[in-house]
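> With the input below, show me the fold.
(2 chains)
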Amino acid sequence: MGTIMLLKKGAEASLFLADWHGRKVIVKMRLPKRYRPAELDAKIRGYRTAHEPQLMHEAKKAGVPTPTIFLVDITDASITMEFVEGKQVKQVLAGVSRKKRQELSIRIGGLIGKLHRHGVIHGDLTTSNMILSAEGKIFLVDFGLGEKNKELEARGVDLHLMKRALQSTHYKFAEECFKNVLKGYSAVLGEEDAEKVFEKICEIERRGRYVDERKQA
Amino acid sequence: MKRQAEALCLGVESTADDFGVGIATFKGEILANASSGYVPEEGGIHPREAARHHAEAADKVLSEALAKAKVKPTDLTLIAFSQGPGLGPCLRTGATVARALASYLDLPLVGVNHSLAHIEIGKLKTGTVDPVTLYVSGGNTIVSAFEAGRYRVFGETLDIALGNCLDVFAREAGLKHKQGMSLGAALERLAADGEKLVSLPYVVKGMDVSLSGLLTASTTLLNKGECRLEDLCYSLQEHAFSMVTEVTERALAHTEKKEVLLTGGVAANKRLQSMLRIIAEEHDAKFNVVPRQFATDNGAMIAWTGVLAYTHGLVTPVDKSFVKLRWRLEKVDVSWVQ
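Numbering: from 1, shown residues only, chains lettered A, B, ... in the order given. Okay, here's the model as predicted:
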């Protein structure tokens, strides 16, 4: 592997930019976490490293763009994948017009709908985990917390997390964005199925602590 | 000591099992922080019984706080109370005491958000300015940080609170409240003698955690009787604390703040402290843990947050002082933080 440069030190993993047989690649390394017992840490890192590429592959089958995987190494918990030129949706969302934001949100909802229809739960839907590529495609990354699951509960939690991420990061237009995410989701999944998921979201929120909605329950 | 010249706020806290009265100067000096805790004979907190305790203890705790601060009721400038979130009967008892004091002394009243008060007293007592806060208690598990006028909730529990998870397990295991030692402390002591890590559910969803499955799995193993209790306590703590530490680290990486603040009743746990210290170091952030008497529910935090709110133009008229059982942290405008 060619020259390596630290691109981002995340909480979950560090991302390195590297050259791999003449290709620009991202090496995602789940470094050991000193705070957890080594035994537990190895289990979590190993599990996520093995599952993430599988889910990214499944996502592709569902028609959702994800970076191509080149290499997976369970022992050092690293994944080598295609480097997608583009920007995080998180960085883009605030700077675009309302109309463009609406369009992006609907497309994001559509991608989540495709994932769910195919039985894939992303597990960490935030705008940092979506890359708007130079050609205008939206790539989903960071499937480490995902799972294969077709249950309503899992789908509901997935969308609930998306809503929460919008509220904490894009509080100014979170509501409008989430509404459009649901619109795109519903267009893919079909109104009847989507409605069941939306009801589940309400139920999940009522379960939470200190929620206004619970009063009506 | 002569205190008459200084503006003073008396704060009443009664969201759950503790009834507390604190007195703070407008400059942020805590003159008194008295409290009385309700200890159930068995099981968890019964809201009505806790409220009865608060009503009975109010007089004594109030007198104790005033005596400790060496002030008379007529020296006070402001009355603050914990308006929510919390248990209805408990909150109402505290609110009634606060309203009575404000009316009788003819003083302004200000309702304070309990979760916000935990953060503000933590900042005051540790000198922290703009932290990612992990607030873990019997009723709350919240990762928050200040962004654009409010304390945003980045992560929280999807079901039960961390302290609740540990307490319920401790009671199932037959541990008891002892003089000066909480259930959590008893569990921590046993966990220190744990040797073998038992595999338990580890559930992180985005920046949220789910603890109910972990509690069920731990109590099931406990009741089977095949594991040493010490090992189970150790494994429960390691799994639960790793989960909240992981989401706190996510919030830290996401917000790029340079301080980590640990507060709430569970903050007293040394193992949890050590985990958070590690993630703070790894992100070049400063780690602070709130001193115990200000980390558990207390009146001083209400008094101090009352001062912040009042000096920024907020008052709560008596007819609007109804308690808010589900008042979320991110609903409060925080005009005093820049």
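
> Quick check: residues of chain A near chain B?
Chain A comes close to chain B at residues A:9-12, A:33-37, A:39-40, A:43-44, A:123-126, A:128, A:145, A:157, A:161, A:164-165, A:167-169, A:171-172, A:204, A:207-212, A:214-215, as judged by C-beta under 8 Å from any C-beta of the partner chain. (Each C-beta comes from the backbone N, C-alpha and C, glycine too.)

> Mind checking if the top helix by length along chain B is in reach of chain A?
The longest helix of chain B (DSSP state H) is helix B:229-255. Yes - using C-beta under 8 Å from any C-beta, helix B:229-255 reaches chain A at B:238-239, B:242, B:245-246, B:249-250, B:252-254.

> Please produce a ChimeraX select command covering the buried subset of these.
Only the buried entries of the residues of helix B:229-255 next to chain A go into this ChimeraX selection, using 16 or more other C-beta atoms under 10 Å in any protein chain shown:
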select /B:238,239,242,245,246,249,250,252,253,254
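
> Make CSV from the residues of helix B:229-255 next to chain A and add pLDDT and distance to residue B:50 to it.
As requested, the residues of helix B:229-255 next to chain A are exported to CSV (pLDDT from 0 to 100; distance: C-beta to C-beta, whole Å):
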residue, pLDDT, distance to residue B:50
B:238, 98, 31
B:239, 98, 30
B:242, 98, 32
B:245, 98, 31
B:246, 97, 33
B:249, 95, 35
B:250, 91, 35
B:252, 94, 35
B:253, 88, 39
B:254, 83, 37
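
> For residue A:34, give me its contacts.
B:278, B:282 (C-beta atoms under 8 Å, 6 or more residues apart in numbering or on different chains).

> Please repeat the previous calculation with a cut-off of 6 Å.
residue B:278 (C-beta atoms under 6 Å, 6 or more residues apart in numbering or on different chains).

> swap in residue B:68?
residue B:32 are the contacts of residue B:68 under C-beta under 6 Å, 6+ apart.

> Please identify the helix or strand for it.
Assigned by DSSP states H and E, residue B:68 belongs to helix B:47-69.

> May I have the helix or strand following that helix exported as CSV, CA atoms only?
Using DSSP H and E, the helix or strand that follows helix B:47-69 in sequence is strand B:78-84. Output of strand B:78-84 as CSV, limited to C-alpha atoms (Å, rounded to 0.1, in the frame of the first residue of the first chain):
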residue,chain,number,x,y,z
LEU,B,78,-35.3,35.0,44.3
ILE,B,79,-37.0,31.6,44.6
ALA,B,80,-36.2,28.9,42.0
PHE,B,81,-37.7,25.5,41.7
SER,B,82,-37.3,22.4,39.6
GLN,B,83,-40.2,22.5,37.2
GLY,B,84,-39.5,19.3,35.4
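
> Can you list the strands that strand B:78-84 pairs with?
Using DSSP bridges, the strands paired with strand B:78-84 are strand B:8-13 (parallel), strand B:109-113 (parallel).

> For residue B:212, which of those is the nearest?
Of all the strands paired with strand B:78-84, it is strand B:109-113 that lies closest to residue B:212, at 25.5 Å by C-beta to C-beta.

> And chain A, what are its domain boundaries?
By the assignment in automatic domain parsing, chain A contains the domains A:4-82, A:86-216.

> How about chain B?
B:8-118+B:295-331, B:129-293.

> average model confidence for the first one?
This means domain B:8-118+B:295-331. Mean pLDDT, domain B:8-118+B:295-331: 96.

> Identify the residue spatially nearest to residue B:246, adjacent ones excluded.
Excluding its sequence neighbours, the residue lying closest to residue B:246 (C-beta to C-beta, 6 or more residues apart in numbering or on different chains) is residue B:204, at 5.6 Å.

> actually residue B:278, not the one I wrote
The shortest distance from residue B:278 to any non-neighbouring residue, by C-beta to C-beta, 6+ apart, is to residue A:35 (4.4 Å).

> Just the pLDDT at the one you found, thanks.
At residue A:35, pLDDT is 97.

> in the stretch 51-200 of chain B, which spans are strands?
Ranges of strands within the stretch 51-200 of chain B are B:78-84, B:109-113, B:132-136, B:141-147, B:150-156, based on DSSP state E, counting those that start in this stretch.

> And the helices in chain A?
Under the criterion DSSP H, chain A contains helices at A:38-61, A:89-93, A:98-117, A:152-169, A:174-189, A:191-207.

> Show me where the stretch 101-250 of chain B dips below the pLDDT cut-off.
Residues of the stretch 101-250 of chain B meeting the criterion pLDDT under 70: B:179.

> 90 - rerun?
B:147-148, B:176-182, B:205-207 (pLDDT under 90).

> same deal with chain A?
When residues are selected by pLDDT under 90, those of chain A lie in A:1-4, A:7-12, A:75, A:94, A:128, A:164-165, A:167-172, A:203-217.
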